[in-house]
Every structure is written in C-alpha cells, then in structure tokens.
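Chemist: structure for the following, please:
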Amino acid sequence: MNTIAASNRRAPRAVVIGIVALIAAFAALMVVRAGVIGGSSSSTPLVTPAPGSPSTPSKAHTTPAKPSVVLLPGLPAQIAAKLRYSKVVVVSLYTSTGAGDQSAVAEARSGARDVHAAFTAINVLDEKQARAVARFGGPADSPSVLVVRRPGRIVTQFTGAVDSKVVAQAAHNAGAGR
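Modeler: Residues are numbered from 1 along each chain as shown. Down below sits the predicted model:
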C-alpha cells in the first residue's frame, strides 16, 4: 500500500508570516511598478534629467531685438542715419567753394567729437541735399551748424563759423555725452 504519510507537524508561525509578507511585498511592488510604467500611454521609458542639467530644453542664443528708433518724417537721409545710432547729431552745412567753410566744418566736427555726438557735413551746393535741408530746417546759409536731437528736432542753429567749444556746449546741452 502506497500511502502518503501525512505529517502532523506544522510550519512555524514565523515562517508562514514571512512568506505571506514576502508575497504581499512582491504584489505591492508589481502594482506600483505597473502604475508608474503602465500609467503613460506610450511605451517609451521615462527619462529623468541628470543632476545639474536644466529641466527645460535650452533655446538657441538670440540677442534681444533692439527697439526701433522713431524719427520725424522729412528728415534728410544723412541726419536720419546718424540719429538711428546717436541721440544728438551735429550737422555742418557748407559749400565746397566757400572761403573758410572747411575750417568751419573742422571746428564743428571737433566740437561734436568732444562730447561724443554724431557728426555729419552736408554740402548745400548739391541741389538734392539742399532741398532736403531747406524742407527740414528752412533756408540755410553757408557755413551753418545745426544741433539736432532725436526724434529729429533742431535744438540749436548757428549761422556762420562757430568755435568748437560753442558747438560742444550746444551738443552737450542737447543731451550728448550723457
């Protein structure tokens, strides 16, 4: 007779509790793991950023756009170009044939340079430039010096030759070098 012998011995209570705890821990781990991975609809694994790296993607380095400078309409092109980069422009009006005009231009340029103002010289013998200046500042004698402040207003106007220190003071009073 082949009988299986049954034992009356029981497993110690501590062993049974340990096995039940181990199975419960494994089941809890599977539930938590399924919730983390199975919770997302895609099959791609989650990636955590490396320590010290930014959590948002970096954007390409771009320089902020400079605010555009608004100038008054009707400015002569040479003056408008200078006002785009400087608050104050010293404009010397001259004729290429006038006696003493070259020294007047040099004095105006020196005064503008002293206070870090922009400078431009306009030959009023050129008819196109003379018309633009006349529309802008009225009839101009040669030599003359205009101190123009952004957005394109004439702040000071000198007729005749002017010392560089006077030009520098007028440009400084208009806001150059500040």
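Chemist: three-state assignment of Val89?
Modeler: strand (DSSP: H, G, I helix; E, B strand; the rest coil).
Chemist: got the contact list for it?
Modeler: Val89 is in contact with Ile79, Lys82, Leu83, Ala112, Ala117, Ala118, Phe119, Thr120, Val147, Val148, counting by C-beta atoms under 8 Å, 6 or more residues apart in numbering. Yep, even glycine has a C-beta here, placed from its N, CA and C like the rest.
Chemist: turn those residues into TSV, including pLDDT and neighbour count.
Modeler: Shown next, in TSV, are these (pLDDT from 0 to 100; neighbours: other C-beta atoms under 10 Å):
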residue	pLDDT	neighbour count
Ile79	93	22
Lys82	94	22
Leu83	93	22
Ala112	96	28
Ala117	96	26
Ala118	96	21
Phe119	97	20
Thr120	96	21
Val147	96	27
Val148	96	31
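Chemist: got CSV for the residues you listed, with secondary structure too?
Modeler: Listed next are the contacts of Val89 as CSV, based on three-state DSSP:
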residue, secondary structure
Ile79, helix
Lys82, helix
Leu83, helix
Ala112, helix
Ala117, coil
Ala118, strand
Phe119, strand
Thr120, strand
Val147, strand
Val148, strand
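Chemist: what about Gly98, neighbour count?
Modeler: Burial of Gly98 is recorded as 15 neighbouring residues (other C-beta atoms under 10 Å).
Chemist: ok, it touching Pro143?
Modeler: Yes. Using C-beta atoms under 8 Å, Gly98 and Pro143 qualify as a contacting pair, with a distance of 6.7 Å.
Chemist: span of stretch 151-165 from start to end?
Modeler: Chord length of stretch 151-165, first to last residue, is 24 Å (C-alpha to C-alpha, to the nearest Å).
Chemist: sorry, wrong one. I was asking about stretch 96-106.
Modeler: Terminal-residue distance, stretch 96-106 (C-alpha to C-alpha): 13 Å.
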